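# okay, predicted coordinates and the sequence, questions at the end:
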Amino acid sequence: MSIRSSGTFDIAMQPHPPYDSAEGVTLGRVSISKQFHGDLEGSSTVEMIGARTEIPGSAGYVAIERVTGTLQGRSGTFVLQHSGTMTRGKGELTVTVVPDSGSGGLVGSPVK
C-alpha cells in the first residue's frame, strides 16, 4: 500500500568552504536545516557533500537527513539518504528511507 503526503518546507543553508579543488572539480559540504509544513509537521538536519564541475549545470551530491516530526498523528524520526546528479542541467535524484531508521511508528520503523 502506498500513502502520499504533501506539504512545503523552508530551508536554511550553511555552506562550508570547499575542502578540495583539482582539475576543474570542487568538493564541498553544506549543513542544512529544514522546517516542514503540511501533512508532515517537523524539522530535519542534513549534511550534504557535493562535487561541482567547470561545466555549467554538471554536479553531484550525497546527503543524510534526519527528520523529526508528526505524520498522520504519529510522532517520531526517520533518516533519508539522498543521491543526486545533474548532467548539463538535466537532474536525477533518488531519496530513500534508510531501513529500520524510524521511531515512534513513522516510516522505516522496525517491525516488532
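Perfect, thanks for sending it.
# ranges for the strands of this structure?
In the chain, the strands defined using DSSP state E lie at 7-15, 20-22, 25-38, 40-53, 59-71, 74-87, 90-97.
# what residues does the third one touch?
Contacts to strand 25-38, defined as Cβ atoms under 8 Å, 6 or more residues apart in numbering, come from residues 5-21, 42-54, 63, 65, 67, 69. Quick note: C-beta positions are derived from backbone N, CA and C, even for glycine.
# make it 7 Å
Around strand 25-38, the neighbours that count as contacts under Cβ atoms under 7 Å, 6 or more residues apart in numbering are 6-16, 18-20, 42-53, 69.
# one more: the second one?
Applying Cβ under 7 Å, 6+ apart, the external contacts of strand 20-22 come out as Leu27.
# same thing but 10 Å
For strand 20-22, the surrounding residues in contact (Cβ atoms under 10 Å, 6 or more residues apart in numbering) are Thr26, Leu27, Gly28, Ala51, Arg52.
# mean confidence score for it?
On average, the pLDDT along strand 20-22 is 96.
# again, but for the fifth one
Average pLDDT, strand 59-71: 96.
# does anything pack onto that strand? Which helices or strands?
Applying 3 or more Cβ pairs under 10 Å, 6 or more residues apart in numbering; DSSP states H and E, one finds that strand 59-71 contacts strand 25-38, strand 40-53, strand 74-87, strand 90-97.
# so can I have TSV of the ones you listed showing mean neighbour count, distance to Ala59 and mean pLDDT?
TSV is the format used below for these (neighbours: other Cβ atoms under 10 Å; distance: least, Cβ to Cβ, whole Å; pLDDT from 0 to 100):
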stretch	mean neighbour count	distance to Ala59	mean pLDDT
strand 25-38	15	9	97
strand 40-53	16	5	97
strand 74-87	16	5	95
strand 90-97	11	9	94
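# how about those in TSV, adding distance to Ser103?
As requested, the helices and strands packed on strand 59-71 are arranged in TSV below (distance: least, Cβ to Cβ, whole Å):
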stretch	distance to Ser103
strand 25-38	17
strand 40-53	13
strand 74-87	4
strand 90-97	13
